[in-house]
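> Here is a sequence together with a model predicted from it:
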Amino acid sequence: MHDDPTADRPRAAARRFPGRAVAGAGAVVVVVLAAAWGMTAGSGPAARAVATADHGPDGGATARGRAEGTESGDPQEATESGDLPEGRELTPFDTRYPAVGRLDERLLKAVQEAARDARDDGIEFRVTSGWRSREHPQRLLDEGIEKYGSEEKARQFVNTPQKSTHVSGKAVDIGPTDADDWLIRNGSDYGLCQVYNNEMWHFELLTGRGGTCPAPLRDAAG
């Protein structure tokens, strides 16, 4: 029986190239550590935070919550005059903001119902103006007079505080234009009507559900 001449080759190679053996062992260690770190990171707080941000508690996307204005936000950004918060769009469901929350209860309910139905058609409502304090329309009127040169011309677009239905919370301005178009065509199903020919965004409750809307006025001046 003879000794296997290849038996001592690995040991001989290790003696001739000690650096290669060390490098090979180091590579194995790095691979093992990287795999362990990956498993830890994938189940750690950061990964769970990303998953939570993308999905709701039931595993579904939180798009409906965002659409209905239920995501976190600071209502103190909005002023008590009914101005919209800077850098934020409001939906009919953002009732913690005065511009929406102080709308007439019946009007708000009708707009919210219409907004839900419009969403089924791929249309999203945005409240571009809602309830306003008495100071708000006065400021807009003053700005309109400066812009158009007279109160008569400004009144075509802005009502006085005494006549403004925004002050009483009985009017809401909706955008964008595809939402206005949808509401002009379907608003009477909820009692919502376009009020002025030159303001396709301005809606009020002017009929019963499923009724017929009166013909729009020429402008805010009547």
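Everything's here; your move.

> Wait, Asp189 touches Gly211, no?
No: contact status for Asp189 versus Gly211: not in contact, 9.2 Å apart, counting by C-beta atoms under 8 Å. C-betas here are computed from N, CA, C, even on glycine.

> mind listing the helices for the chain?
9-16, 18-42, 45-54, 63-67, 98-101, 105-120, 135-148, 151-154, 177-186 (DSSP state H).

> Can you tell me which of those has the worst average pLDDT?
Mean pLDDT is lowest for helix 45-54 among the helices of the chain, at a mean of 34.

> neighbouring contacts of stretch 196-211?
Here stretch 196-211 makes contact (C-beta atoms under 8 Å, 6 or more residues apart in numbering) with 104, 106-107, 110-111, 128, 156-157, 165, 170-175, 177, 180-181, 183-184, 187-195, 213-214, 216-220.

> Next, count neighbours for the nearest residue to Ala154 once chain neighbours are set aside.
Distances taken as C-beta to C-beta, 6 or more residues apart in numbering place Gly144 nearest to Ala154, at 3.1 Å, with adjacent residues excluded. By other C-beta atoms under 10 Å, 20 other residues sit near Gly144.

> Ok, Val195 next?
When neighbours are defined as other C-beta under 10 Å, Val195 has 20 of them.

> just Glu105 next, same as before
For Glu105, the count of nearby residues is 9 (other C-beta under 10 Å).

> Also Ser150?
Ser150: 9 neighbours (other C-beta under 10 Å).

> now do Thr160
Thr160 sits with 15 neighbouring residues when counted by other C-beta under 10 Å.
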